[in-house]
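1. Would you be able to build a 3D model of this:
(one chain, ligands or ions: 1)
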Amino acid sequence: MKQHTLNSTYTFSGKGLHTGKPVTMQLLPAPEDYGIVFQRTDLGDDVLVHARVENVLQTRRCTTLSERGVKIITAEHLLSALSAMGVDNALVQIDAAEVPILDGSARPYVEAICEHGLIEQPAERRPIVVDKPFVYEDPRSGSRIAFEPASDFSVDVTIDFKSRVIGTQQAHWDRSVDYAREIAPCRTFCFRKEVRMLRFLGLIKGGSLDNALVVDEPRGYLGDPVLQFPDEPARHKLLDLLGDLALAGRPIQGHITAYKPGHKANTTALKLFLASTI
Ligand SMILES: [Zn+2]
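-> Numbers count the residues shown, from 1 in each chain. Sure, this is the predicted structure:
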């Protein structure tokens, strides 16, 4: 399989979920073996942040990257869309620290990319092959991420919240599942009881019912939104996991099973898995 890049340039404007700051972001084609690289245009032409797991700085409520002190906050939804749509190489020019939250999903990205498609590049993809089982467990959170050998990339996610609204849900993705239709539209979510604490911590300054589902125990979702799917939260966690796994920098060939995934567990598991392959 050959590498691919974007066939056009796309611009997205909005605000950051956590910073609340206005941001304009442009996705551009990039040469083979370039990977996904952010360029902080507000700080200069040569201020780059590579979307690599070694650049993960923080994982509280989003995945924040940092390279030479320059941050990219909430990278995961964009990275999920690029990786699931088969984009190996892209330059992401951004004029603020945080990627726009848009509607809380990855739908705007996939709709844009689908319109013009991708360009095949001469270089071959070089997947990271899972050649033996690897398991990461976090006893504090109960998260468990397992990598197993398989002929292609696939992901199973189980979420398990002490919640009458969400409870336990499962989601699955492999290349036969239409990411654009089944996964990308699924929005981020939080619990109403957490909102005050998250605000106190300086987070979700740009959060609203326009870009997040808010679980209002035990009644349902605040504002009675129409769900994309009954198991939208599990599908969003799968979306997040794909974004975090994209930080491998190359496609993964293997089956991933994630129980109670989160950005910390996802990125820690990926780091340890990659270290185990060396
Ligand atoms: Zn998310």
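2. contacts, neighbours, all on C-alpha from now
-> Will do.
3. OK, contacts around Ala246?
-> 51-52, 79-80, 83 (CA atoms under 8 Å, 6 or more residues apart in numbering).
4. Near the ion, which residues of the stretch 151-278 of the chain are found?
-> Contact residues (CA under 5 Å from the ion) of the stretch 151-278 of the chain with the ion: 188, 240.
5. my guess is Leu212 meets Thr188, correct?
-> To be clear, residue 212 is Ala; Leu isn't right here. Yes. Look at Ala212 against Thr188 with CA atoms under 8 Å: they come within range, at 5.1 Å.
6. so what sits against both of those two?
-> Joint contacts of Ala212 and Thr188 (CA under 8 Å, 6+ apart) are Gly104.
7. Give me the three-state assignment for the nearest residue to Arg219 once chain neighbours are set aside.
-> Nearest residue to Arg219, sequence neighbours excluded (CA to CA, 6 or more residues apart in numbering): Val165, at 7.1 Å. Following DSSP: H, G, I helix; E, B strand; the rest coil, Val165 is assigned to coil.
8. Could you give the number of residues near Val165?
-> By the criterion of other CA atoms under 10 Å, Val165 has 14 neighbours.
9. Is it correct that Gly254 is in contact with Pro133?
-> No. Between Gly254 and Pro133 there is no contact, the gap being 9.4 Å when judged by CA under 8 Å.
10. Tell me which of these two has more neighbours.
-> Each of Gly254 and Pro133 has its neighbours counted (other CA under 10 Å); Gly254 has more, 23 against 13.
11. can you tell me which residues contact the more buried one?
-> With CA under 8 Å, 6+ apart, Gly254 has these contacts: 129-130, 147-154.
12. What's the separation between Ala30 and Ile36?
-> 8 Å (CA to CA, to the nearest Å).
13. Show me which of these two is the more surrounded one.
-> Using other CA under 10 Å as the criterion, Ala30 and Ile36 rank with Ile36 on top: 26 against 21.
14. if we can go back for a sec, any common contacting residues for Gly254 and Pro133?
-> 147-149.
15. which one of those residues has the most neighbours?
-> Going by other CA under 10 Å, Phe147 tops the shared contacts of Gly254 and Pro133 with 23 neighbours.
16. Verify the contact between that one and His255 for me.
-> Yes. Assessed by CA under 8 Å, Phe147 is found in contact with His255 at 5.8 Å.
17. tell me the pLDDT at Ile278?
-> For Ile278, the model assigns a pLDDT of 80.
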